[in-house]
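S.K.: Build me a model from this:
(chains A, B, C and D)
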2 protein chains.
Amino acid sequence: MAKKSSGRSDGKDAAAEQAHRLPMREFSRSLPMALLRAREAVMRQFRPSLRRHGLTEQQWRILRALAAVEESEVTELARTAFLLGPSLSRILRDLEARRLIERRTAESDLRRGVVSISAKGLKLMEGVAPSSEAIYAAITKRYGARKLAELQEMLGALEASLDGFETDDADDPHAEQ
Amino acid sequence: MAKKSSGRSDGKDAAAEQAHRLPMREFSRSLPMALLRAREAVMRQFRPSLRRHGLTEQQWRILRALAAVEESEVTELARTAFLLGPSLSRILRDLEARRLIERRTAESDLRRGVVSISAKGLKLMEGVAPSSEAIYAAITKRYGARKLAELQEMLGALEASLDGFETDDADDPHAEQ
DNA sequence: GGCAGGTGCTTAACATGTTAAGTTTATCCG
DNA sequence: CGGATAAACTTAACATGTTAAGCACCTGCC
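M.R.: Alright, predicted model coming up:
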């Protein structure tokens, strides 16, 4: 594969020049990229600790969300832990099999599932929390508590400013959906 | 002991209190969550447009990265597009099959792959770029150009402050790695 | 030259993201 | 009451994230 085929590098220069004419901002200045990089920098700090305890980032989010309430319906949990339904379904299946959560059906509406963290789940959290908080404290110290609070505020404002904002621009007239 | 033995409807408060004894910050104030939510709010604006053109977010990142240079080695591209090697490998295989990129092997080092965007790839980008830029402009207007610049700066600073910062805290003494 | 170790990429395996379709149960309404 | 519609998951299918192995090639050293 990828035969060398006497590769002169002709035709490539023209293509590169053409590319630069695309009316696009510098890639490195892209907001989604900046958010992704920042988040990854933060998560890189937490992942090893979670991994040592046999948890993924999403599983940890679910346990944290459940630890803050007595119980929660699945849809509500999806909103709280910021996970899509299908992901949540799979993870709940796994967490239930590991007996970290418990599950029942709502009496008033048999469609609804109600989930709660188990004693085992709480115990696991107790093991993870100290390390997690220590890491958070270290990050806060490094970046600055005030700056961190300001960043959080700006992130919230960004989210709010885009809430219910649909740029279904449809530059393509054939796009029905 | 997650659930109180009584389990009446008023047991909710007690269980919640128990949970709150875990020394953890409010879930909603978590920095990773704030970054995730903000990024999702932004990407939700772009995804429909990309989808209409048959591209995923990551594929689009790769094309953008390649459009800015004449060609790129795979490892360099992984760094630029902020993708892990395995993801990049799979996506490049697909993009090559769709003839949106071209690929060859470096003469000086047969291990290295060299990738470049194809004419077809550039053409596709030309179709996506206007919509993408329009969305970006709309977001900028909504959030405020100055505020956006400030946010980008703070995100960059966060990333920089965590660069090479290893909190391998190891609250678990058995954790060798 | 040839081998030990490192590098660059790919493959594998499992978990999640994302959209669409399917299933079961509720609810609306004639 | 009963069919149509909606709601709450769940399953399916495909793409990516993440870590560990694997493979081919390169480099330093004897």
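S.K.: tell me which element the spatially closest residue to residue A:39 that is not a sequence neighbour is part of?
M.R.: Of all residues not flanking residue A:39 in the chain, residue B:35 sits nearest, at 3.9 Å (CB to CB, 6 or more residues apart in numbering or on different chains). (Glycine included, C-beta is placed from N, CA and C.) Assessed by DSSP states H and E, residue B:35 sits inside helix B:31-52.
S.K.: Taking helix A:31-52 as reference, get the angle to that helix.
M.R.: 130 degrees (axes from the mean of the first three to the mean of the last three CA atoms, to 10 degrees).
S.K.: residues of helix B:31-52 that come out buried?
M.R.: B:31-39, B:41-42, B:45-46, B:48-50, B:52 (16 or more other CB atoms under 10 Å in any protein chain shown).
S.K.: in which helix or strand would I find the closest residue to residue A:49 other than its chain neighbours?
M.R.: Nearest residue to residue A:49, sequence neighbours excluded (CB to CB, 6+ apart): residue A:131, at 4.5 Å. Taking DSSP H and E as the criterion, residue A:131 maps to helix A:119-143.
S.K.: Could you list every helix and strand that the helix or strand that that helix is followed by packs against?
M.R.: Downstream of helix A:119-143, the next assigned helix or strand under DSSP H and E is helix A:145-162. When contacts are defined as 3 or more CB pairs under 8 Å, 6 or more residues apart in numbering or on different chains; DSSP states H and E, helix A:145-162 sits against helix A:119-143, helix B:31-52, helix B:119-143, helix B:145-162.
S.K.: and helix A:145-162, average pLDDT?
M.R.: For helix A:145-162, the per-residue pLDDT values average out at 95.
S.K.: what does that helix rub up against?
M.R.: A:139-140, A:143, B:29, B:31, B:34-35, B:37-38, B:41-42, B:44-45, B:139, B:142-143, B:147, B:150-151, B:154-155, B:157-158 (CB atoms under 8 Å, 6 or more residues apart in numbering or on different chains).
S.K.: And residue A:101, how close does it get to residue B:55?
M.R.: Taking CB to CB, to the nearest Å as the measure, residue A:101 and residue B:55 are separated by 37 Å.
S.K.: Just to be sure, residue A:55 is in a strand?
M.R.: No: applying DSSP: H, G, I helix; E, B strand; the rest coil, one finds residue A:55 to be coil, outside a strand.
S.K.: Contacts only, for it.
M.R.: A:63, A:124, A:128.
S.K.: was I right about the first one contacting residue A:116?
M.R.: No: counting by CB atoms under 8 Å, residue A:116 is not a contact partner of residue A:63; they are 10.9 Å apart.
S.K.: least trustworthy helix or strand in chain A by mean pLDDT?
M.R.: Within chain A, no helix or strand scores below helix A:12-20, which has a mean of 47 by mean pLDDT, DSSP states H and E.
S.K.: got the residues of chain A near DNA strand C?
M.R.: Proximity of chain A to DNA strand C is confined to A:56, A:58-59, A:83-87, A:90-91, A:94, A:109-111, A:177 under the rule CB under 7 Å from any atom of the strand.
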